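# Need the 3D shape of this:
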Amino acid sequence: MKKIFFALALILFAKFNAQGWKTDEQYIQKFATYAVEEMEKYKIPASITLAQGLLETGGGQSRLAQQGNNHFGIKCKEDWNGKTMTHTDDAPNECFRVYDDPRDSYEDHSKFLAYRPYYVNLFKLDMMDYKAWAHGLKKAGYATNPRYAYILIDKIEKNKLYEFDKTNSREVLYAVLKMYPDLKNDRIFMARLDQSGSSGNPVTVKVPYEQTSYAKQQKNVEKIVSKAETLQSILIKSHPNGGKKFVIVPEDIDLAAISKKFQITETTLMKWNELDGTQLKRNDILFLEHKSSTGNVATYKAQVGESMHDIAQKFGIKLKKLYSKNRMDYGQQPTSGQLIYLQSKKPKK
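Below is the predicted model of the structure:
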């Protein structure tokens, strides 16, 4: 009986959504993914795209959005060969573009800005400066309303849309969940997140929803959000030894999560970092490219408990080269205070 009820609920939910979203929050939860995907492809701030979508559609309620999947009020123009509909805007019965899916509308909006000379100066702006983009759109003639820029800025700040400028398409659903934590009780959203294949190796709930306790659901969501926050906090650094790219692991995490975040295979990361397992520990150093064959300093005194691998990671030097320079057998570990050679070979006795 519960399964039948759940199936009916899904049908009603889909029908309700087809009629449009009643609030700005629901619009954001639905379309933030599209805005972030477009940001990655065309370098247009997701906050700007979402704010424009919210404004143009009235939170998804406009006739153009509901009947034509047109979320940005883009008119036919001479270069449009797709479906059309008439709608009264600045003048009666104007021609507007119709899309098969809202995603197509989002991409067409990106192309509209990216491929027209009026907007070329927008792409010289800092992508994190949503205020400059808002004023730039108004200056370029995107809208006639003299307060257009301020309206966009108000939408962005009221809804914290600037948070989406800091994320990516692999982690955007986590950003939505963090912004709207009540979604952890939303079956459909959690299923969407679970099936998204997003970065961070999300926890999959295998048992049917009806048989999962609320406490367990909450625990799973907390794990998902925590892992997403951990991944978002990882920043690429340049190592003093040749500027090699590396990261410092902020918390215990599986290598798979790092692999997905930076789009580097686990096998490659293991090879570059001479790893014999996939479990990373807090404060581990992980290189995102080949390490150097020599150090940037001549020698180093080993600290208590340090392994040769620890030293190799600390100085960005290949482990085999480090063993060779110090005339040590592979697998042998240094003693506290031992002088480790990083550039030239240890002198023979």
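# what secondary structure does the closest residue to G316 other than its chain neighbours sit in?
Leaving aside its sequence neighbours, G316 sits nearest to N241 (C-beta to C-beta, 6 or more residues apart in numbering; 3.8 Å). The C-beta positions use only the backbone N, C-alpha and C, and glycine is treated the same way. Under the three-state scheme (DSSP: H, G, I helix; E, B strand; the rest coil), N241 adopts coil.
# Give me the pLDDT value at N241.
Per-residue confidence (pLDDT) for N241: 91.
# can you check the one 4 residues further on too?
Turning to K245, the model gives it a pLDDT of 91.
# Please report how far the residue lying closest to it once chain neighbours are set aside lies from N159.
Once flanking residues are discounted, K245 sits nearest to L288: 4.4 Å by C-beta to C-beta, 6+ apart. Separation of L288 from N159 (C-beta to C-beta, to the nearest Å): 34 Å.
# Strands of the stretch 201-349 of the chain, start to end?
237-238, 245-248, 253-254, 279-280, 285-287, 299-301, 339-341 (DSSP state E, counting those that start in this stretch).
# Now the nearest residue to K43 once chain neighbours are set aside. Its backbone dihedrals?
In space, and not counting its chain neighbours, K43 is closest to M127: 5.9 Å by C-beta to C-beta, 6+ apart. When read as degrees, to the nearest 10, the backbone of M127 gives phi -70, psi -20.
# wait, isn't M127 in contact with P45?
Yes - contact between M127 and P45 holds when scored by C-beta atoms under 8 Å: they sit 5.5 Å apart.
# Could you tell me which residues touch both of those two?
With contacts defined as C-beta atoms under 8 Å, 6 or more residues apart in numbering, the residues shared by M127 and P45 are M39, D165.
# Show me which of the two is the more surrounded one.
P45 (27 against 17; other C-beta atoms under 10 Å).
# And the pLDDT at the most centrally placed residue in the chain?
Central residue of the chain (C-alpha atoms, centre = their mean): N168, 1.9 Å from the mean position. N168 is assigned 90 on the pLDDT scale.
# Let me see the ranges of the helices in the stretch 51-200 of the chain.
For the stretch 51-200 of the chain, the helices defined by DSSP state H, counting those that start in this stretch occupy 63-68, 102-114, 130-139, 148-159, 172-179, 187-194.
# would you list the ones you listed in CSV and tack on mean pLDDT, mean neighbour count and distance to A298?
Shown next, in CSV, are the helices of the stretch 51-200 of the chain (pLDDT from 0 to 100; neighbours: other C-beta atoms under 10 Å; distance: least, C-beta to C-beta, whole Å):
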stretch, mean pLDDT, mean neighbour count, distance to A298
helix 63-68, 92, 18, 66
helix 102-114, 93, 19, 51
helix 130-139, 95, 20, 48
helix 148-159, 95, 18, 53
helix 172-179, 88, 22, 45
helix 187-194, 72, 16, 51
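# how about the ones you listed, which one is nearest E78?
The closest of the helices of the stretch 51-200 of the chain to E78 is helix 102-114. By C-beta to C-beta, the value is 13.4 Å.
# what is the orientation angle of that closest one with helix 130-139?
80 degrees (axes from the mean of the first three to the mean of the last three C-alpha atoms, to 10 degrees).
# which secondary structure elements does helix 102-114 contact?
helix 24-42, helix 46-57 (3 or more C-beta pairs under 8 Å, 6 or more residues apart in numbering; DSSP states H and E).
# How far does it sit from its chain's centre?
Centroid separation between helix 102-114 and its chain, computed with C-alpha atoms, centre = their mean, to the nearest Å, is 19 Å.
# okay, it in PDB with CA atoms only?
Extracted in PDB, the C-alpha atoms of helix 102-114 (Å, rounded to 0.1, in the frame of the first residue of the first chain):
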ATOM      1  CA  PRO A 102      14.100  24.300 -20.000                       C
ATOM      2  CA  ARG A 103      17.700  23.100 -20.200                       C
ATOM      3  CA  ASP A 104      17.700  24.200 -23.900                       C
ATOM      4  CA  SER A 105      16.500  27.600 -22.800                       C
ATOM      5  CA  TYR A 106      19.400  28.000 -20.400                       C
ATOM      6  CA  GLU A 107      21.900  27.100 -23.000                       C
ATOM      7  CA  ASP A 108      20.400  29.400 -25.600                       C
ATOM      8  CA  HIS A 109      20.600  32.200 -23.000                       C
ATOM      9  CA  SER A 110      24.300  31.500 -22.600                       C
ATOM     10  CA  LYS A 111      24.800  31.600 -26.400                       C
ATOM     11  CA  PHE A 112      22.800  34.700 -26.700                       C
ATOM     12  CA  LEU A 113      25.200  36.500 -24.400                       C
ATOM     13  CA  ALA A 114      28.400  34.800 -25.500                       C
END
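# Identify the residues contacting it?
Taking contacts as C-beta under 8 Å, 6+ apart, the residues outside helix 102-114 that touch it are 31, 34-35, 37-38, 41-42, 44, 49, 52-53, 65, 69-72, 74, 97, 99, 119, 122-123.
# Need the buried ones from these selected in PyMOL.
Only the buried members of the contacts of helix 102-114 enter the following PyMOL selection, criterion being 16 or more other C-beta atoms under 10 Å:
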select buried, resi 31+34+35+37+38+42+44+49+52+53+65+69+70+71+72+74+97+99+119+122
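# Enumerate every residue touching Q279.
The contact partners of Q279, taken as C-beta under 8 Å, 6+ apart, are D252, D254, L255.
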